[in-house]
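**Q** Attaching a predicted model along with its sequence, questions to come.
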Amino acid sequence: MVERFLRKTHFDSIEDYNSNLEFIIPEHFNFAYDVMDAWADENPDGLALLWTNDQGEELRATFAQLKQQTDQAAAYLQSLGIGKGDPVMLILKRRYEWWLAMLALCKLGAVVIPATHMLTKKDIIYRNTRASVKAIICVDDDYVVSQVEAAMPESPTVKLLLKVESRLSWHCHDRHDTPNTAWHHWQQEWLQAPPFVRPAHVNDNDDTMLMYFTSGTSGEPKMVAHDFLYAMGHLTTGVFWHNLHPGSLHLTVADTGWGKAVWGKFYGQWFAGATVFVFDHEKFSADTLLRQMEKYHVTSFCAPPTIYRFMIREDLSKYDLSSLEYCCTAGEALNPAVFDKLQELIGLRIMEGFGQTETTMTLGTFPWMTPKPGSMGIPNGQYNIDLLRADGTPCEDGEKGEIVIRVGDKKPLGLFKEYYRDEELTHEAWHDGIYHTGDMAWRDEDGYYWFEGRKDDVIKSSGYRIGPFEVESALMTHPAVVECAITGVPDDVRGMVVKATVVLGKEWKDKAGDALVKELQQHVKHVTAPYKYPRIVEFVDELPKTISGKIRRVEIRKKDAQH
């Protein structure tokens, strides 16, 4: 499969990859037809999707079965009036039908808007209005349904509502639909749809295929619009960064409302011909997740650093993880202490990657590289990455700057089209041939990049510029600390001082007090430059986070400003 889209498919060095990565781009690329249906022809019995949930249910679909099911789903949605260019919002948690809907809507040329089940009425109205959403497909969850229904009076563009029941209850579900809310019920209706007829012209490469409302660390969510070639941009994600191949069983921990879901549970994994493993659960438990990995013999794993932090606090000797061959992480910078601990416990190194909702993987640690704990890796060959000073000039090695993508005259594969319906915001981030990520880093002499934080998060104290991540990494090496966030607090003398907001391990919670504060401060002074130590330490039960699990330092700063 990969041979259809790359001039060269095997690389043995950084130089080889960066010099020879070249894509073959069809005139009208459509992931559902050109990759998934092609696999159904080439490897019909290959296992495409293995889905299970916390109730013990299990579904398996070969590539041939998935083609039949997605054709059926496309025919069903088509019969309801959904077609090319129609914006459809999916609020489906990890239900099996999310994968069917994603592929079916791709086959119709519709615009998919994945969303989290944690949205409120206000959030849903905002998305419906900004994107002119035509249809919503959601889980039959009391909270989700109530919020969707409450949003309808202020969502005039929405013409169609569909429910997906849980697999255990759909056949005997006692429905109590709100009067005047016309719900369609996926499981009862989709098999009665007429045969699927592929539209004559599904899409051009630059048509909008996918839109994400970013859960950013500040401000209202932005609408990130991706074209149909965005899917191809993830070929490198699954084939090279995740190091997948036919026979791999890959698990990425991500809600389907997050951008990370298509990074790790969809496009790149199926370019590689791997099996996507899905564990549909309501509440995260490191023990339960590890039991699933053991039971199904997961070979490849990717999760945000937060998940690894909870995993390494389990007794990993209790689990048979011998099938596990490869581990990756993205979403936030990985603290070196977590990298070292996992390698010590199970002998595997975590291969870090970096990107944004606006991109595919822009920096990564590839199989032919030796990872450096705490580094995001090197630029992905499909992007021209640089570091710039505030004045727009390039940084030297060792110098902190903003990560940018030099776009030039041709948009690279995987970079977003625009912030939908917001020309001003698009130009603010992308102008003069350069896309500005807003993320800060430095580059070492080997070309590896090291994350510093968002531009807004950098702390200026007594003339020093302090990146939150370097202090967080130092704190994370103390056994008491499960998670932490570093922010700046205004100070009359120093301009700003460093504050640490800390989540303690269970066995340390009763020790929270002045003595532990001093111990953590001394620990940071010992691990990193003394001027970086947190002068303020606050113990909390949990950190404020976005719906995709990223720490909202802006919320901590706002709370401190109010007090």
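**A** Sure thing, it's come through.
**Q** Please make it C-alpha for all contacts and neighbour counts, starting now.
**A** Noted.
**Q** and the closest residue to residue 30 other than its chain neighbours, how far is that from residue 416?
**A** Nearest non-adjacent residue to residue 30, counting by C-alpha to C-alpha, 6 or more residues apart in numbering: residue 228, 6.4 Å away. In this view, residue 228 and residue 416 are 10 Å apart by C-alpha to C-alpha, to the nearest Å.
**Q** Buried ones in the helix or strand hosting residue 500, by neighbour count?
**A** Residue 500 belongs to strand 495-504 when assigned by DSSP states H and E. The neighbour-count check on strand 495-504 (16 or more other C-alpha atoms under 10 Å) flags 496, 497, 498, 499, 500, 501, 502, 503, 504 as buried.
**Q** What pairs with it, parallel or antiparallel?
**A** strand 481-491 (antiparallel), strand 536-540 (parallel) (DSSP bridges).
**Q** Now the first one - C-alpha only, PDB.
**A** Coordinates of the C-alpha atoms in strand 481-491 are reproduced here as PDB (Å, rounded to 0.1, in the frame of the first residue of the first chain):
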ATOM      1  CA  VAL A 481       5.100  14.300  42.300                       C
ATOM      2  CA  VAL A 482       2.500  12.700  39.900                       C
ATOM      3  CA  GLU A 483       1.800  15.800  37.900                       C
ATOM      4  CA  CYS A 484       2.800  19.400  38.000                       C
ATOM      5  CA  ALA A 485       2.400  22.700  36.200                       C
ATOM      6  CA  ILE A 486       4.800  25.700  36.300                       C
ATOM      7  CA  THR A 487       3.400  29.200  35.900                       C
ATOM      8  CA  GLY A 488       4.600  32.700  36.600                       C
ATOM      9  CA  VAL A 489       3.200  35.000  39.300                       C
ATOM     10  CA  PRO A 490       3.700  38.800  39.200                       C
ATOM     11  CA  ASP A 491       6.200  40.100  41.600                       C
END
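**Q** mean confidence for that strand?
**A** Across strand 481-491, pLDDT averages out at 88.
**Q** So which residue is smack in the middle of the protein?
**A** In the chain, the C-alpha nearest the mean C-alpha coordinate belongs to residue 260, at 1.8 Å (C-alpha atoms, centre = their mean).
**Q** Tell me which helix or strand the residue nearest to that one when sequence neighbours are not counted sits in.
**A** Leaving aside its chain neighbours, residue 260 sits nearest to residue 254 (6.1 Å; criterion: C-alpha to C-alpha, 6+ apart). Counting by DSSP H and E, no helix or strand carries residue 254.
**Q** Next one: residue 254, what pLDDT does it get?
**A** At residue 254, pLDDT is 90.
**Q** Just name the shakiest helix or strand of the chain by mean pLDDT.
**A** Ranking every helix and strand in the chain by mean pLDDT, DSSP states H and E puts strand 464-466 at the bottom, with a mean of 71.
**Q** Give me the next element, helix or strand, following that one.
**A** Next element after strand 464-466 (DSSP H and E): helix 468-475.
**Q** Quick one: mean pLDDT for the helix or strand following the strand holding residue 500?
**A** Note on strand 495-504: by DSSP H and E, the next helix or strand toward the C-terminus is helix 514-527. Per-residue pLDDT over helix 514-527 has a mean of 92.
**Q** just stretch 109-129 next, same as before
**A** Regarding stretch 109-129, the rounded mean pLDDT is 92.
**Q** ditto for stretch 198-215
**A** Computed over stretch 198-215, the average pLDDT equals 92.
**Q** Export only the CA atoms of it, formatted as CSV.
**A** What follows is stretch 198-215, C-alpha atoms only, in CSV (Å, rounded to 0.1, in the frame of the first residue of the first chain):
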residue,chain,number,x,y,z
ARG,A,198,-20.7,6.1,-5.1
PRO,A,199,-21.2,9.8,-6.0
ALA,A,200,-19.9,10.8,-9.4
HIS,A,201,-17.5,13.4,-8.1
VAL,A,202,-16.7,13.0,-4.4
ASN,A,203,-13.9,15.5,-3.8
ASP,A,204,-10.9,17.5,-5.0
ASN,A,205,-7.7,17.4,-3.0
ASP,A,206,-8.2,20.9,-1.6
ASP,A,207,-11.8,20.4,-0.5
THR,A,208,-12.4,20.5,3.2
MET,A,209,-12.6,17.0,4.7
LEU,A,210,-12.2,17.5,8.4
MET,A,211,-12.6,20.3,10.9
TYR,A,212,-11.5,20.4,14.6
PHE,A,213,-12.4,23.0,17.1
THR,A,214,-9.2,23.3,19.0
SER,A,215,-9.5,23.1,22.8
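**Q** Would you mark the buried spots in that stretch?
**A** For stretch 198-215, by 16+ other C-alpha under 10 Å, it's 202-205, 207-215.
**Q** Let's have the residues you listed in CSV, adding distance to residue 106 and secondary structure.
**A** Below are these laid out as CSV (distance: C-alpha to C-alpha, whole Å; DSSP: H, G, I helix; E, B strand; the rest coil):
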residue, distance to residue 106, secondary structure
202, 9, coil
203, 9, coil
204, 12, coil
205, 12, coil
207, 11, coil
208, 10, strand
209, 7, strand
210, 9, strand
211, 13, strand
212, 15, strand
213, 19, strand
214, 21, coil
215, 24, coil
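**Q** does residue 212 have beta-bridge partners, and which?
**A** Applying DSSP bridges, one finds that residue 212 bridges with residue 224.
**Q** Wait, it touches residue 113, no?
**A** Yes - between residue 212 and residue 113 there is a contact under C-alpha atoms under 8 Å: 5.9 Å.
**Q** which residues touch stretch 291-311?
**A** For stretch 291-311, the surrounding residues in contact (C-alpha atoms under 8 Å, 6 or more residues apart in numbering) are 242, 244, 248-254, 264, 277, 279, 286-287, 290, 319-335, 338, 482-483.
**Q** try 7 Å this time
**A** 248-253, 286, 319-321, 323-332, 334, 338, 482 (C-alpha atoms under 7 Å, 6 or more residues apart in numbering).
**Q** Type out the PyMOL command that picks the buried ones from the residues you listed.
**A** Selection of buried members from the contacts of stretch 291-311 for PyMOL, criterion 16+ other C-alpha under 10 Å:
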select buried, resi 248+249+250+251+252+253+286+321+324+326+327+328+329+330+331+332+334+338+482
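**Q** Out of the contacts of stretch 291-311, list just those in strands.
**A** 249, 250, 251, 252, 326, 327, 328, 329, 482 (DSSP state E).
**Q** any idea which of those is closest to residue 119?
**A** Of all these, residue 119 sits closest to residue 252, with 22.2 Å by C-alpha to C-alpha.
**Q** is it true that the closest one touches residue 266?
**A** No - if you go by C-alpha atoms under 7 Å, residue 252 and residue 266 don't touch, sitting 9.8 Å apart.
**Q** thinking again about what came up before, ok, now how distant is the residue nearest to residue 30 from residue 415?
**A** 11 Å.
**Q** ok, now residue 425?
**A** Counting by C-alpha to C-alpha, the gap from residue 425 to residue 415 is 16 Å.
**Q** One more: residue 152?
**A** As judged by C-alpha to C-alpha, residue 152 and residue 415 stand 33 Å apart.
**Q** Which of the two has more residues huddled nearby?
**A** residue 415 (25 against 18; other C-alpha atoms under 10 Å).
**Q** Kindly provide the distance from the nearest residue to residue 337 once chain neighbours are set aside to residue 198.
**A** With sequence-adjacent residues excluded and distances taken as C-alpha to C-alpha, 6+ apart, residue 337 is closest to residue 477, at 5.4 Å. Separation of residue 477 from residue 198 (C-alpha to C-alpha): 56 Å.
**Q** swap in residue 370?
**A** From residue 370 over to residue 198 the distance is 46 Å, taken as C-alpha to C-alpha.
**Q** How many residues are close by residue 38?
**A** By other C-alpha under 10 Å, 17 other residues sit near residue 38.
**Q** which residues touch it?
**A** Going by C-alpha under 7 Å, 6+ apart, residue 38 touches no other residue.
**Q** Mind exporting the C-alpha coordinates of the helix or strand harbouring it to CSV?
**A** Remark: residue 38 resides in helix 38-42, with elements defined by DSSP H and E. C-alpha atoms of helix 38-42 as CSV (Å, rounded to 0.1, in the frame of the first residue of the first chain):
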residue,chain,number,x,y,z
ALA,A,38,-7.9,-0.9,-1.6
TRP,A,39,-6.9,-2.9,1.4
ALA,A,40,-10.3,-4.8,1.1
ASP,A,41,-9.2,-5.8,-2.4
GLU,A,42,-5.6,-6.6,-1.5
